[in-house]
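In: pasting the sequence and the predicted model now:
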Amino acid sequence: MVTPVVPRLDRYDAIRRAFRWKVPARLNLGAACCDVHPPSSLALVEAGDGRREWTYGELREQSNRFANALGGLGVVRGDRVAFALPQGASAAIAHLGTYKAGAVAVPLSELFGPDAVRHRLGDSGARLVVSGEATADVVGEVAAEVGTRVVHAAELPRLLADASARFEAVDTAADDPAYLIYTSGTTAAPKGVLHAHRSLLGHLPCLELGNVGFPQPGDRYWTPADWAWMGGLMDAFLPSLFYGIPVVATSRARFDPEWAARLIVEERIRNAFVPPTALRLMKAAGVSVPPGTLRSTISGGEVVGADVLEWAREALGVTVAEIYGQTEANLLVGNAPGLLDVRPGSMGQPYPGHHVEVIGEDGEPLPPGEEGEIAVRLPDPVAFLEYLNAPAATAEKTRGGWLRTGDVAHRDEGGWLWFVGRADDLIISAGYRISPLEVEQCLLRHQAVAACAVVGAPDPTRGEVVKAFVVPAAGAEPGTALARDLQGFVRSRLAAYEYPRQVEFVSELPLTVTGKIRRSALKAL
C-alpha cells in the first residue's frame, strides 16, 4: 500500500491556522535590531572600495552616540529626523540611533531632486536632516528654505566622537511612531506613511517563509533597493539585523548586473531581495552565479514574469519568491518555496497572520473568479498608523475595517491571488476592462521589446484605447512594420479588444526612484 504524500499546501494551511501574533506592549526598533545581539557578531559589511566590517557592538556604540547627539541638537521624542544617505554604516547608525531616541526616522533617497526633498521636509516638519555627500547641495538649499537644520555626513565623525557612548533606549510602545516613508507618487502627490515600531514584526512571516526558513546559519542578506524605501528597509535591512544576520551594504547610482553577480559571489551573499527590474537586467545581461551560492531570493514591486522565474532557477539556482505589499501595509501576500508551488503570474497566498481578501465596493469578500480590490483586515501589525497631515485620506484608506490597497485582483478556487492592476490604471475600452499589466507581459515576450508600458489613451468612440510605449530591443528597427507586428502578436495571444491600437516607440520609460513605471507621466503625453 502506498502512503499518500500530504500536499505542501496542507502544511502551509496548518501553519496559517496555528499562527498567532506575539507583539509585546513595549518595543524599540533601535534596541531590538542592535542591542540584543552578541557585541562581537558581524552585523554589517560595507562592500566596495574601502570595504569595512561592523560588529553589533560597534553599531550599538555608534547608534548610542547618535541618539545622544540628537538630544544635544534639540531633538526630543516624537520629532522627525530626516537623512539622505546611501546604504552603509552611516545610514544604519542614523536609523538605529533615531529609533533609540524615540524620534521618527524620515529616510530620503539620494536620487531626489529639490522639489521632492522640499515636499518631504516641509510636510514632515523634520527638525533635522543628515545629508550625504551626493545630496549636500540639494538638501542644504531646500533645508534653508523650510527651516530644517542640516548636519552633513562629513560632520558625523566629530559629532559622534563628542557624544557619549552610553544611552538607554527610550521606552517606546509598540504602537508608537518609528518611521515615516513617503509613497512613490505614481498616482497622486506623495503621502507620508507613518509606521509604528511593531511594523517590523508584521514583516517577519514573509521574511521567514519567502526566504525558505530564514534565518539559517550562514545566511547573509543584500538588496540593491534603496534603504530609503519600504522594500530596502523592511524587506531586507532591518529584519536581517533583528534576526542577527549580517547585511551587505552597497552604494551605486545605477544597477549593474555584472557587478551584482560578482558581488553575490565575492561577499558570500546567501539571501537577497532583488526588484523585478534588476532581475530582468541580470537576465538580459546573461549573468549567473555558481550553484549553491544563493539560498533564497524574494522579489516584488511589479510582476516578475514566468520568463524571469525560469531564468533565475537556471542562472541563480533559486526559486524566486514573488511577494506583494505596499508602503501602507507591506509583505501581505507571496510565495513560500518548499511549501507553496510557485505559480508564474500569481501573487501567491496571504502570509500567516494577514487576513487578505478580494472585496467588492460594498466591502464584502467576493467569490473566486470575481475581480475586486485587495484589502487586509484591520488591525494588523504591518499596517500603517496614518497618513501624516491627511486624516481624510487615512479614513478613506481604512474605511469599513479594511485597509484598501487600491489594487485589483481575483482569487482562484485554490486560494491563489492573481494581480490585475491598479484600480486607477485599468483601461475601460468599449465596455471591456483591460489590465495594462497583462498586455505588457505579452509584449515583453516579443524578441523586439526590451521594455514597455501600457496605458489608456482617450478615444471618442471607445472611451479609451490601449496604447503601448515600447523601448525596442537592441537591433530592432522601430517603425510602422514593427508596430503592426506587435499589434498582431498581442491580438493573437490575448483578445481582439486588448491589442494596442496605438504604439509609440521611446528610448526609455519614465520611472519613479523605486524603479516603478510612472504611468501618470505617460498618460499626460
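Out: Arrived safely, thanks for sending.
In: going forward, measure contacts and count neighbours with C-alpha atoms only.
Out: Fine.
In: tell me where the stretch 51-200 of the chain has strands.
Out: 52-55, 80-84, 104-107, 128-131, 149-152, 177-182, 192-196 (DSSP state E, counting those that start in this stretch).
In: Throw the ones you listed into a markdown table and include mean neighbour count, distance to Asn68 and mean pLDDT, thanks.
Out: Below are the strands of the stretch 51-200 of the chain laid out as a markdown table (neighbours: other CA atoms under 10 Å; distance: least, CA to CA, whole Å; pLDDT from 0 to 100):
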| stretch | mean neighbour count | distance to Asn68 | mean pLDDT |
| --- | --- | --- | --- |
| strand 52-55 | 16 | 20 | 98 |
| strand 80-84 | 27 | 13 | 97 |
| strand 104-107 | 27 | 15 | 98 |
| strand 128-131 | 25 | 14 | 97 |
| strand 149-152 | 18 | 15 | 96 |
| strand 177-182 | 26 | 17 | 96 |
| strand 192-196 | 24 | 22 | 97 |
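In: in a markdown table: these, plus distance to Ala483.
Out: Below are the strands of the stretch 51-200 of the chain laid out as a markdown table (distance: least, CA to CA, whole Å):
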| stretch | distance to Ala483 |
| --- | --- |
| strand 52-55 | 51 |
| strand 80-84 | 42 |
| strand 104-107 | 42 |
| strand 128-131 | 46 |
| strand 149-152 | 50 |
| strand 177-182 | 38 |
| strand 192-196 | 41 |
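In: compare these and give me the one nearest Pro460.
Out: strand 177-182 (36.8 Å; CA to CA).
In: Val81 and His95, how far apart?
Out: According to CA to CA, to the nearest Å, Val81 stands 9 Å off from His95.
In: now for these two: what residues contact both?
Out: Taking CA atoms under 8 Å, 6 or more residues apart in numbering as the contact rule, the neighbours common to Val81 and His95 are Ala105.
In: quick one: least confident helix or strand in this structure?
Out: Least confident helix or strand, the chain: strand 432-434 with a mean of 71, by mean pLDDT, DSSP states H and E.
In: let me see the ranges of the strands in the stretch 351-500 of the chain.
Out: For the stretch 351-500 of the chain, the strands defined by DSSP E, counting those that start in this stretch occupy 356-359, 372-377, 386-387, 402-411, 417-422, 427-429, 432-434, 449-459, 463-472.
In: could these go into a markdown table alongside distance to Ser520 and mean neighbour count?
Out: Formatted as a markdown table, the strands of the stretch 351-500 of the chain follow (distance: least, CA to CA, whole Å; neighbours: other CA atoms under 10 Å):
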| stretch | distance to Ser520 | mean neighbour count |
| --- | --- | --- |
| strand 356-359 | 25 | 23 |
| strand 372-377 | 20 | 23 |
| strand 386-387 | 21 | 22 |
| strand 402-411 | 15 | 21 |
| strand 417-422 | 12 | 21 |
| strand 427-429 | 13 | 20 |
| strand 432-434 | 17 | 16 |
| strand 449-459 | 9 | 20 |
| strand 463-472 | 13 | 22 |
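In: which stretch in the ones you listed is the model least sure about?
Out: Of all the strands of the stretch 351-500 of the chain, strand 432-434 carries the lowest average pLDDT, namely a mean of 71.
In: any stretches of the stretch 301-450 of the chain with poor pLDDT?
Out: 430-433 (pLDDT under 70).
In: what about the closest residue to Glu258 other than its chain neighbours, how many neighbours?
Out: Counting by CA to CA, 6 or more residues apart in numbering, Val287 is the residue found nearest to Glu258 once chain neighbours are left out, at 6.4 Å. Here the count is done by other CA atoms under 10 Å, and Val287 has 16 residues near it.
In: from Ala312, how far out is Val287?
Out: Relative to Ala312, Val287 is positioned 10 Å away (criterion: CA to CA).
In: distance-wise, check Ala249 relative to Pro86.
Out: Distance check for Ala249 against Pro86: by CA to CA, it reads 9 Å.
In: just Arg65 next, same as before
Out: 20 Å.
In: got it, and Trp402?
Out: 35 Å.
In: contacts only, for Ala101.
Out: 67-68, 70-71, 76-77, 169-170.
In: and the residues you listed, which of them are buried?
Out: By neighbour count, with 16 or more other CA atoms under 10 Å, these hold 67-68, 70, 77, 169-170 as buried.
In: now those in TSV, with distance to Tyr99?
Out: As requested, the buried ones among the contacts of Ala101 are exported to TSV (distance: CA to CA, whole Å):
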residue	distance to Tyr99
Ala67	8
Asn68	12
Leu70	11
Arg77	9
Ala169	8
Val170	8
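In: how about CSV for those residues, with distance to Leu194 and pLDDT added?
Out: What follows is the buried ones among the contacts of Ala101, written out as CSV (distance: CA to CA, whole Å; pLDDT from 0 to 100):
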residue, distance to Leu194, pLDDT
Ala67, 20, 98
Asn68, 24, 98
Leu70, 20, 98
Arg77, 15, 98
Ala169, 20, 98
Val170, 19, 98
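In: doesn't Asp115 make contact with Val138?
Out: No - counting by CA atoms under 8 Å, Val138 stays clear of Asp115, with 9.5 Å between them.
In: neighbour-wise, which of those two wins?
Out: Val138 (17 against 10).
In: distance check, that one against Phe273.
Out: From Val138 to Phe273 the distance is 29 Å (CA to CA).
In: still on that earlier bit, out of the contacts of Ala101, which are inside helices?
Out: 67-68, 70-71 (DSSP state H).
In: from those, pick the one nearest Val318.
Out: For the ones in helices among the contacts of Ala101, the nearest to Val318 is Ala67 (40.0 Å; CA to CA).
In: count of neighbours near the residue nearest to the closest one when sequence neighbours are not counted?
Out: With sequence-adjacent residues excluded and distances taken as CA to CA, 6+ apart, Ala67 is closest to Gly97, at 4.6 Å. Gly97 is flanked by 30 other residues according to other CA under 10 Å.
In: wait, isn't Gly97 in contact with Phe66?
Out: Yes - in this structure, Gly97 is within contact of Phe66 by CA under 8 Å, at 5.2 Å.
In: ok, now which ones touch Pro39?
Out: By CA under 8 Å, 6+ apart, the neighbours of Pro39 are 55-58.
In: now Phe107, nearest residue through space, not along the chain?
Out: Check again: residue 107 is Pro, not Phe. In this structure, Pro107 finds its nearest non-sequential neighbour in Ala228, 4.7 Å apart by CA to CA, 6+ apart.
In: number of nearby residues for the one you found?
Out: With other CA under 10 Å as criterion, Ala228 counts 25.
In: how much space between it and Ala47?
Out: Separation of Ala228 from Ala47 (CA to CA) stands at 18 Å.
In: could you do Glu370 as well?
Out: Glu370 sits 48 Å away from Ala47, going by CA to CA.
In: which of these two has more neighbours?
Out: For Glu370 versus Ala47, the count of surrounding residues by other CA under 10 Å is larger for Ala47: 18 against 14.
In: just to revisit the earlier point, check which helix or strand covers the residue nearest to Glu258.
Out: According to DSSP states H and E, Val287 maps onto no helix or strand at all.
In: hang on, isn't it packed against Ala261?
Out: Yes - Val287 lies in contact with Ala261 (CA under 8 Å); the separation is 6.6 Å.
In: for the residue positioned nearest the centre of the chain, which non-adjacent residue is spatially closest?
Out: Nearest to the geometric centre of the chain sits Gly231, at 2.5 Å (CA atoms, centre = their mean). In this structure, Gly231 finds its nearest non-sequential neighbour in Ala225, 6.6 Å apart by CA to CA, 6+ apart.
In: tally of neighbours for that neighbour?
Out: Neighbourhood size, Ala225 [other CA under 10 Å]: 25.
In: again, but for Gly218
Out: So Gly218, with other CA under 10 Å, has 12 neighbours.
In: so how far is Arg77 from it?
Out: Gly218 is 37 Å from Arg77, where distance means CA to CA.
In: got it, and Ser40?
Out: 30 Å.
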